[in-house]
Structure formats: C-alpha cells, structure tokens
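In: Below: sequence and its predicted model.
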Amino acid sequence: MPDAGRPLQRFPGVLVIGGGPAGLMAAEAARRAGVEVDLLEAKPTVGRKFLIAGRGGMNLTHSDPRPRFEQRYTRGASEVAHWLDGFDAMALREWARGLGVETFVGSSGRVFPVDMKSAPLLRAWVARLKQEGVRLHMRERWLGFDPAGHALVEGPAGTRAIEAGAVVLALGGGSWPQLGSDAAWMPWLSARGVPTVPLEASNCGFDVGWSEHLVAKFAGAALKPIAVQWSDAAGRMRRQQGECVLTATGLEGSLLYAIGADLRTSIARDGTALLQLDLLPGVPDERVRSALLAGRDGRSLSEVLRRRLKLDGAKAALLREVLSAGTLGDPVALADAIKALPIRLRASRPLAEAISSAGGIALAGVDRRLMLRALPGWFACGEMLDWDAPTGGYLLTACFASGLHAGRAAAMHALGV
Ligand SMILES: Cc1cc2nc3c(=O)[nH]c(=O)nc-3n(C[C@H](O)[C@H](O)[C@H](O)COP(=O)(O)OP(=O)(O)OC[C@H]3O[C@@H](n4cnc5c(N)ncnc54)[C@H](O)[C@@H]3O)c2cc1C
C-alpha cells in the first residue's frame, strides 16, 4: 500500500534507476528484450561520470586476451567473467561501432575511440535509446522504499511511489559524488536485508607527506619510467614498471592504480605500505654504481646524476627528499637507493577523489541473474556491486557487461518468463 495521500504510479515494464553506463546499457538490453523501459536519473543529464572519464582520453576497454582480462579483476573475478560471457571487450568494440564510433588499440593495449572522446558516443547512444522507445526521466531521485516496499521517487512532479514489473538499480559507487553517485542508497538497501561491503577508494592516489619545498617545486611532475617493488597480499615481493605523478600529498597514477588493491591491504593491516622505487628501471645496478663510483671531477651531485645517468628533475628531488646527507654522499648507498628508494605510503586519498570505488552490494547478495536475493524483482549492476579492477578500461567493461546482464534478466522477470 502506498503512504496515505501519496500517489502510486505503475510501470508494467522495467524501471531502471541511474543513468550511467550500467543503467543505460540495462535500459537498452531490457527494451530490446521487448518490454517498456523507463529510466530515472537524479541529475539533469545522464552519463556525467562517463563524460568526465572521457576527459583525459576515453579508455573504453582493453585488448588483453580473455583469461588475462578476467584476472585483472581483483575482486569478483568469477562473477565478472560470467557477465563477460554475454558482453566482452570485442562485443563492446562492436557495439561502439554500431553507434558510429570506431575504436583502436593503444600502445599499452588499452582501447579508445578513434577521437578519444566520450561525448559523441554518449550523444549517439542516448539518441538511439530514445528512438528505440526508452523513456528517460531527468531530475528524478530514488529515495528508497515506501512502507509497502515500492520505489519512492522525488521529481519535478513531487514525491511518489512506483511499482514496476522489475527494477534495475544502477546507482554507481561512491567516487566523485558531485557527478551523481553519492552512495546514499547503501543504508536503504542494508535496511532491507541486502548485504553490503563498506565503500573504499580504488584507483586513487596515496599520501606520503612531502616537504613544502618538494611540493612547491615538483607537485604534478611525472615520474617516468619507474618501477616499483611491493609486497602483495600474500606477502610475495612483486615488481612492476610504469609511471606515476608526484602529487601535493604523495603519489598517484596508473602504476599505483594497478597495484592499489595490495597497497590498500597493507595499509589496512600494517598502517602503512612500503614501496621501493627503481628510478632507473632500464639501467642495470652495475652501471648505476660505476657511474657514481667514477668520482665527480669537481661536478655537483646533481650534474653527475643528470649527465651520467640522465636522472634529474623530480627524480633527483625525490632522492634529496628521502635520503640523508650521508647516503647522498656515499656512491654505493646512493646507487642502491636509486634502484630501490623506500617510500612509505600512509593512507589512500579520500573516496570522493578516487576514480572508482570497491565495496558496495556484496556479490553474495545477488543471484546469477543479478537479482537481489533479499528483494525479488530488484536487480543491480555497475559500480554499485562489490567488484574491483585497475584502470585500463576494465571498469567500464564490467559496468556495460553487468548492465546488459541485469537488463535482460529484469526484462525476463517483468515478462514473467
Ligand atoms: C575521472 C574519472 C575517469 C575515469 N576514467 C575511466 C576510463 O577511462 N575507463 C574506465 O573503464 N573507467 C573510467 N572511470 C570509471 C567509470 O567512469 C565508472 O566505473 C562508471 O562510470 C560507473 O558506471 P555506473 O553506471 O555503475 O555508475 P555511474 O557512472 O556513477 O552512474 C550512476 C548514475 O546513477 C545516478 N544516481 C545515483 N543515485 C541516484 C538516485 N538516488 N536516484 C536517481 N539516480 C541516481 C547518478 O546521478 C549517475 O548518473 C573513470 C572515473 C572517473 C571519476
């Protein structure tokens, strides 16, 4: 029963709540399965995070072969693999082509639209969704449940309860809340018996705590190439090469995103995570040593580092920041430090700044169709589910694939199949 005086609106088909990539894909899949689809979005426009994701080059997916692709998911890999069976990276590229957007594989294996942008793809997609009969309703915010368990929605026409054939929740995670995904849904679902895992920042920077001098001169400087050594969740020493940026508070960038899950585990367990930075990954230890042992010939240390090892700028500043005068003056100790500079990470940056979040609806709380076990007829997809992956296109791919999976299943539910 709706609240006294509050109207109850009935949608016979599928109601999708949330207009990010997962929700839009759920809407498309449900509509193509032959049901009426209404999509509610709290913001004035859909796909705001998707558009921001395109700002630095829209990384849609990755060209990794399938087994490797699945291994990139540091949480929920087997569930994601099941969604990918229905819509993998190749299918995603085909789908983009269907919207007039050709893609290419970059040197890192990442897949981008030829123009690197997200706006043309989103524009074409929204136009096609409307043409296919998906009804998009903006400025409509889901507020949880009325006492009868219907969706409670606040919009330009006021607050009302909605009963639908099936509901797909696609509300996103908790990062960049200004773009719409504010995770307000977590307590509402928990109160209805849906198991949730606290949200945590993923694909984020880490705090180190630099001196004012380093921040003033080098915040924003790229460290590339470098390699890092760290201890993984099982305590094994690992090494990976890549690049990162020296920030005002610490370090950030694709290399740290790739190993972030291990770093977060270490910080949660030990209070800090230790990284060893190899500032010259292409140069053998022996060469670094001999370059420094050859004496300075009256040159300053900075000059020696720059001329003989091509080590300058932010990398040299980092050595001065971390090492004692004694180590800087000892060629052997300095050579060792250049190849394994200890940096202690104290904390990850706040969730609101992160590219994505881990945590959300526990995967044990949904069945194979992505229907919430505690709420029959209610499905969930996208970043609000508890899976995790580094950047590289894996995030969007899982959002699209889970959206398609949930949308199809919700349509079947609404049709009573
Ligand atoms: C800066 C940045 C760069 C990124 N770059 C990449 C990249 O290159 N490649 C990649 O794979 N991933 C990237 N990502 C991550 C990717 O954008 C997200 O993983 C993806 O957008 C999540 O999709 P989603 O549909 O689950 O949620 P979202 O995109 O967050 O969409 C959720 C939608 O639900 C709406 N909503 C929330 N609550 C309510 C409510 N109560 N009622 C109604 N509507 C509601 C929100 O307004 C929003 O529109 C990036 C993210 C950021 C922040």
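Out: Looks like it arrived, so ask away.

In: Was I right to think M412 contacts A33?
Out: Yes - at 6.9 Å, M412 and A33 qualify as touching, with contact defined as C-beta atoms under 8 Å. In short, each C-beta sits where N, CA and C put it, glycine included.

In: How about R264, nearest residue that isn't a chain neighbour?
Out: Leaving aside its sequence neighbours, R264 sits nearest to S348 (C-beta to C-beta, 6 or more residues apart in numbering; 5.8 Å).

In: Quickly list what the one you found is bridged to.
Out: Note on S348: beta-bridge partners by DSSP bridges are F206.

In: Might you report the residue contacts of it?
Out: S348 makes contact with E200, A201, C204, G205, F206, D207, G260, L263, R264, I267, A354, according to C-beta atoms under 8 Å, 6 or more residues apart in numbering.

In: can you tell me the helix or strand for the closest residue to A414 other than its chain neighbours?
Out: Of all residues not flanking A414 in the chain, G165 sits nearest, at 3.0 Å (C-beta to C-beta, 6+ apart). G165 belongs to strand 158-169 when assigned by DSSP states H and E.

In: Going toward the C-terminus from that strand, what's the next helix or strand?
Out: Later in the chain than strand 158-169, the nearest helix or strand by DSSP H and E is helix 185-191.

In: First-to-last residue distance for stretch 77-95?
Out: The first residue of stretch 77-95 is 23 Å away from its last residue (C-alpha to C-alpha, to the nearest Å).

In: Does that stretch reach the ligand?
Out: No - using C-beta under 6 Å from any ligand atom, stretch 77-95 stays clear of the ligand, coming no nearer than 10.2 Å.

In: Next, the buried residues of that stretch.
Out: Residues 77, 79-84, 87-89, 91-93, 95 are the ones in stretch 77-95 that count as buried (16 or more other C-beta atoms under 10 Å).

In: Contact partners for whichever residue of the stretch 301-417 of the chain sits closest to the ligand?
Out: Nearest residue of the stretch 301-417 of the chain to the ligand (C-beta to the nearest ligand atom) works out as G382 at 2.4 Å. Each residue near G382 by C-beta under 8 Å, 6+ apart is listed here: G18, G20, P21, A22, G23, A170, L171, G172, A398, C399, S402, G403.

In: what are the phi and psi values for the spatially closest residue to L293 that is not a sequence neighbour?
Out: In space, and not counting its chain neighbours, L293 is closest to P331: 4.9 Å by C-beta to C-beta, 6+ apart. For P331, the backbone dihedrals (degrees, to the nearest 10) come out as phi -50, psi -40.

In: P331: neighbouring residues, count only.
Out: 19 (other C-beta atoms under 10 Å).

In: roughly how far apart are it and G76?
Out: For P331, the distance to G76 (C-beta to C-beta, to the nearest Å) stands at 48 Å.

In: Ok, A42 next?
Out: Between A42 and G76 the distance is 26 Å, computed by C-beta to C-beta.
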